[in-house]
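In: fold the stuff below for me.
(one chain, ligands or ions: 3)
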Amino acid sequence: MGSEFKTDGFETGRIIAEHKELYIVRTDLGEIEAEVTGNLRFTAKGREDFPAVGDLVTLKIYDNSFGIIYEIHPRSSCIKRESVGKQSDIQIIGANIDYALLVQAVDRDFNLNRLERYLTICNESHVSAIIVMTKTDIVPEKISEDIRFRICSRISGIPVIFISNETRKGYSELLSHIKPGKTYCLLGSSGVGKSTLINNLTGKDLMKTGEIGTQTNKGKHTTSHRELIYLENGAALIDNPGMREVGITNASAGMEATFDTIYRLAKGCRFNDCTHTNESGCRILNALSNGELSVELYNNYMKMEKERSFFELSELERRKRDRSFGMMVKNYKKEHRKK
Ligand SMILES: Nc1nc2c(ncn2[C@@H]2O[C@H](COP(=O)(O)OP(=O)(O)OP(=O)(O)O)[C@@H](O)[C@H]2O)c(=O)[nH]1
Ligand SMILES: [Mg+2]
Ligand SMILES: [Zn+2]
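Out: Ligands and ions are numbered 1, 2, ... in the order given. I've put the predicted structure just below:
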């Protein structure tokens, strides 16, 4: 596994849950509570250097019950987002994920712009996306059909599956996408039925779900922790608390993949640094006026691109600040050595 800890006494495990700085690790010896070594904690530069749900880790287990995590194996993928509130801090949604299920309900929750945001994060993280629309039992079929049409006219090349967690309609289609040995991460707003889906697929009430008639529609979160569970076929599913905002960070490659229509058109703009807002000879404005490009797609792209470049700028600023602080410390040390 490319681990430097090959000696006896070390195990490999997978992080299945995280509570503050205590991790639950699934190992051959069962589920073990574990902490990271002091060394790992002190050398960590940021959140990414700590274990996250989905990570493979090397740990030493004491008394078959408590573990110390020595290292995190290189991640094949990692879904991140900007933390809400705390600026310039990131949150890891999951590591070593193969597919993200982008879950929305066909009721008021349906939102194409938000789907594109999730998709950008997936594209940036090298995670394949599958769109899952829930609660088809509460709307007339015509509404679901209309939603499918609207999704497919803006997003292509991704499976779009309609399900009901009540009647289980659409489950067989969804299950045909859930492959043994792969890891799936459920992303979506609170109350769309992520935990209900996981409970139904496992046949166990592992996850707490919101009750009908409670305030789940008003933004109360039922799931409060990330958690990874295994299905009988060996596929792993990560449940997430519902997200209110999906901030775009350094996602230029993700943007390019998600908005390829726009990037392709932009190649036809007269100026290389075209802002696609008022330039003459702008291929995108031209496509907008002749109906070739949808206004909604353009608006969402412009909004997300603004966020992305803002993030990029503030990151540059932060690096500059860190660098000048580093210089200050270095100069200070030099001065003091002279004396
Ligand atoms: N009618 C109907 N109700 C559903 C469906 N899926 C989920 N629900 C209900 O919606 C409510 C919220 O479901 P949860 O599974 O807790 O939603 P969640 O996405 O896990 O929400 P958070 O944990 O807060 O992010 C529950 O009352 C479910 O019974 C569905 O397909 N149809
Ligand atoms: Mg939940
Ligand atoms: Zn342009």
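
In: distance from the helix or strand in which residue 332 is found to the middle of the chain?
Out: Secondary structure from DSSP states H and E places residue 332 in helix 295-338. Relative to the chain's own centre, helix 295-338 is displaced by 23 Å; criterion: Cα atoms, centre = their mean, to the nearest Å.

In: likewise for stretch 294-301?
Out: Chain-centre distance of stretch 294-301: 23 Å, with Cα atoms, centre = their mean.

In: wait, what's in contact with the nearest residue to residue 128 once chain neighbours are set aside?
Out: Of all residues not flanking residue 128 in the chain, residue 99 sits nearest, at 5.0 Å (Cβ to Cβ, 6 or more residues apart in numbering). Using the backbone N, CA and C atoms, a C-beta is placed for each residue, glycine as well. Residue 99 is in contact with 127-130, 177, 182-185, counting by Cβ atoms under 8 Å, 6 or more residues apart in numbering.

In: grab the nearest non-local neighbour of the residue nearest the centre of the chain.
Out: Taking Cα atoms, centre = their mean, the centroid of the chain lies closest to residue 79, which sits 3.9 Å from it. Nearest residue to residue 79 in three dimensions, chain neighbours excluded: residue 93, at 4.2 Å (Cβ to Cβ, 6+ apart).

In: burial count for the one you found?
Out: Look at residue 93: counted by other Cβ atoms under 10 Å, it has 25 neighbours.

In: looking at it, it is touching residue 81, isn't it?
Out: Yes: counting by Cβ atoms under 8 Å, residue 81 is a contact partner of residue 93 at 6.2 Å.

In: which residues are in contact with each of these two?
Out: Joint contacts of residue 93 and residue 81 (Cβ under 8 Å, 6+ apart) do not exist.

In: the stretch 151-300 of the chain against ligand 2: which residues are in contact?
Out: 194-195, 222-223 (Cβ under 5 Å from the ion).

In: now, which of those residues sits nearest residue 42?
Out: The closest of those to residue 42 turns out to be residue 223 (Cβ to Cβ; 31.8 Å).

In: mind listing the helices for the chain?
Out: 38-43, 112-125, 141-154, 171-175, 194-202, 252-258, 260-266, 283-289, 295-338 (DSSP state H).

In: format those as TSV; extra columns: mean neighbour count and distance to residue 209.
Out: Supplementary listing: these in TSV, determined by neighbours: other Cβ atoms under 10 Å; distance: least, Cβ to Cβ, whole Å:
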stretch	mean neighbour count	distance to residue 209
helix 38-43	11	35
helix 112-125	22	21
helix 141-154	14	22
helix 171-175	14	17
helix 194-202	21	5
helix 252-258	18	31
helix 260-266	16	37
helix 283-289	18	43
helix 295-338	12	31
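
In: as JSON lines, those helices with distance to residue 229 and mean pLDDT would be great.
Out: Formatted as JSON lines, the helices of the chain follow (distance: least, Cβ to Cβ, whole Å; pLDDT from 0 to 100):
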{"stretch": "helix 38-43", "distance to residue 229": "26", "mean pLDDT": "93"}
{"stretch": "helix 112-125", "distance to residue 229": "21", "mean pLDDT": "94"}
{"stretch": "helix 141-154", "distance to residue 229": "28", "mean pLDDT": "96"}
{"stretch": "helix 171-175", "distance to residue 229": "16", "mean pLDDT": "97"}
{"stretch": "helix 194-202", "distance to residue 229": "6", "mean pLDDT": "94"}
{"stretch": "helix 252-258", "distance to residue 229": "27", "mean pLDDT": "92"}
{"stretch": "helix 260-266", "distance to residue 229": "34", "mean pLDDT": "95"}
{"stretch": "helix 283-289", "distance to residue 229": "44", "mean pLDDT": "97"}
{"stretch": "helix 295-338", "distance to residue 229": "32", "mean pLDDT": "80"}
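
In: returning to what we had before: is the residue nearest to residue 128 in a bridge, and if so with what?
Out: Residues in a beta bridge with residue 99, per DSSP bridges, are residue 128, residue 184.

In: distance of the residue nearest to residue 79 from residue 157?
Out: 22 Å (Cβ to Cβ, to the nearest Å).

In: which one among the contacts of residue 99 gets closest to ligand 1?
Out: Top of the list for closeness to ligand 1, among the contacts of residue 99 and by Cβ to the nearest ligand atom, is residue 185 at 12.9 Å.

In: next, count neighbours for that closest one.
Out: 29.

In: surely it touches residue 235?
Out: No: taking contacts as Cβ under 8 Å, residue 185 lies outside contact range of residue 235: 11.6 Å.
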